[in-house]
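Novice: sharing a model that was predicted from the sequence below.
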Amino acid sequence: MTLKGLGWNADFEKAFAAYRAKGWVPARLIRESPINFGALLAKGEEIDVVLCGRVWHEAACDADLPAVGDWVAVELGHENHDHVIRAIVPRQSCFSRKMPGNSSQAQVIGANIDFVVVVTDAGPDFNVRRMERYFLLIERSGAKAIVLVNKADLYPLEQSRHAAVEIAALWDGALVHVTSALEGGGLKTLKKYLKNGITLCIVGSSGVGKSTIVNQLYGEEWQWTSEVNSNTGKGRHTTTARELVPLPGGGMLIDNPGMREIQMWTDATTLRESFADVQKIASHCRYSDCSHRHDAGCAIRTAVAGGLLDAARHEHFLNLETEIAALQKRAEKRQMAVERWAKRNRRVKARNLNDRIQLERDERGDV
């Protein structure tokens, strides 16, 4: 396998020139653990690499640290010395979500990916509001979106097609397909997009057939698939760790554990661009700062009442805007805390320096 087959291109090569001059080599990260990373070199050689302290300390947050899919500059070790990541090559795309819980930070799902493949079904997993969240995050990432309405063998074809139409209406750039993983439909569909050097990232809830599709793409039981609970529609044991896998037919695949929550990691500008239809209506509100909830002269509420705007889409827009505002507020609080700690540390360092200078003067007997 060549570097090009791993996704290397002219832009990466240009960005890497300074690192190559230092004798470092490019490698793509395929997995991560609490202590090290797995990486692929040219010709497909796999090595374990550790992160140097400088890259760790220069990262402003966890999202700036290396992640699966990243290209990194590696100083190869010799004998008993580790292979060390010395730098991260600038990402060309980055798919991330807000880290689960109350954190205000992003969690990188995959770096340098060309397509994000969202797997869902027309049954219990079907949720238009969740798909809107996926599309917002994919748009922000710089990748393209593919949606598989899977398990068409379990539901009436008309039901699956109707779900696909609803999803396609959410975003013009989405490539939506009705598939049956058990019958090989997902495999046939994704093979049209998989080419040498192309990276796919597969996401979706547990139990929608992601691991079955991965197995078919890889050509063997790469992931352990399981039965699905008939009451919840969820799989019990499937993918448990994020990993980038080279595919026998060409291309790369990042498989992800089932996502229970898709929290926003974006900004108000991206949000409003993705809800252009709502924004257009909002421009006719009586007041420029209309909350679109109870204000008099609200054009959006009038459109909902007149059947021109779906009430659920309006409500989801308001919920997302509230969620983003809360995220920004948490980020501001975190920044204030960081600045306070930095100021405190500077005072402590200055005091320690003065104490050391005074001690040296006392030892010399300076007046």
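Specialist: Okay, I see it. All values derive from a computational prediction rather than experimental measurement. Residues are numbered from 1 along each chain as shown.
Novice: okay, now residue 59: neighbour count?
Specialist: Other residues near residue 59 number 14, with proximity taken as other CB atoms under 10 Å. C-beta here means a position set from N, CA and C on the backbone, and glycine is covered the same way.
Novice: how about it, nearest residue that isn't a chain neighbour?
Specialist: With sequence-adjacent residues excluded and distances taken as CB to CB, 6 or more residues apart in numbering, residue 59 is closest to residue 65, at 4.9 Å.
Novice: OK, contacts around the one you found?
Specialist: Under the criterion of CB atoms under 8 Å, 6 or more residues apart in numbering, the neighbours of residue 65 are 51, 55-56, 59.
Novice: and if you look at residue 47?
Specialist: So residue 47 contacts 27, 38-41, 74, 83 (CB under 8 Å, 6+ apart).
Novice: for residue 181, same thing?
Specialist: Contacts of residue 181 (CB under 8 Å, 6+ apart): 150-151, 187, 209, 212-213, 216.
Novice: 7 Å instead, please
Specialist: By CB atoms under 7 Å, 6 or more residues apart in numbering, the residues touching residue 181 are 150, 209, 212-213.
Novice: how long is stretch 96-113 end to end?
Specialist: 11 Å (CA to CA, to the nearest Å).
Novice: check stretch 15-34 too.
Specialist: Terminal residues of stretch 15-34 lie 28 Å apart, using CA to CA.
Novice: rewinding a little: which of the contacts of residue 47 has the most neighbours?
Specialist: Neighbour counts for the contacts of residue 47, by other CB under 10 Å, peak at residue 27, which reaches 27 neighbours.
Novice: and it, how far from residue 318?
Specialist: As for residue 27, its distance to residue 318 is 45 Å (criterion: CB to CB, to the nearest Å).
Novice: also residue 80?
Specialist: Note on residue 80: its distance to residue 318, by CB to CB, is 59 Å.
Novice: give me the more crowded residue out of those two.
Specialist: Legend: neighbour count by other CB under 10 Å for residue 80 and residue 318, higher for residue 318 (15 against 5).
Novice: ok so, going back, and the contacts of residue 181, which of them are in strands?
Specialist: Using DSSP state E, residue 150 are the members of those that sit in strands.
Novice: farthest pair within the contacts of residue 181?
Specialist: Greatest spatial distance in those: 150 and 212, 8.5 Å, computed using CB to CB.
Novice: who has more neighbours out of the two?
Specialist: Each of residue 150 and residue 212 has its neighbours counted (other CB under 10 Å); residue 150 has more, 30 against 22.
Novice: didn't the more buried one look like it was pressed against residue 208?
Specialist: Yes. Between residue 150 and residue 208 there is a contact at 5.7 Å, judged by CB atoms under 7 Å.
Novice: overlap of the contact sets of these two?
Specialist: Joint contacts of residue 150 and residue 208 (CB under 7 Å, 6+ apart) are 119-121.
Novice: closest to residue 353 among those residues?
Specialist: Checking the shared contacts of residue 150 and residue 208 against residue 353 with CB to CB, the nearest one is residue 119 at 57.7 Å.
Novice: isn't that closest one right up against residue 150?
Specialist: Yes. Counting by CB under 7 Å, residue 150 is a contact partner of residue 119 at 5.3 Å.
Novice: just the CA coordinates for whichever strand or helix holds residue 253, please, in CSV.
Specialist: Taking DSSP states H and E as the criterion, residue 253 maps to strand 252-255. Output in CSV follows, covering the C-alpha atoms of strand 252-255 (Å, rounded to 0.1, in the frame of the first residue of the first chain):
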residue,chain,number,x,y,z
MET,A,252,-10.1,3.5,4.1
LEU,A,253,-12.9,3.1,6.6
ILE,A,254,-13.3,4.6,10.1
ASP,A,255,-15.8,2.6,12.1
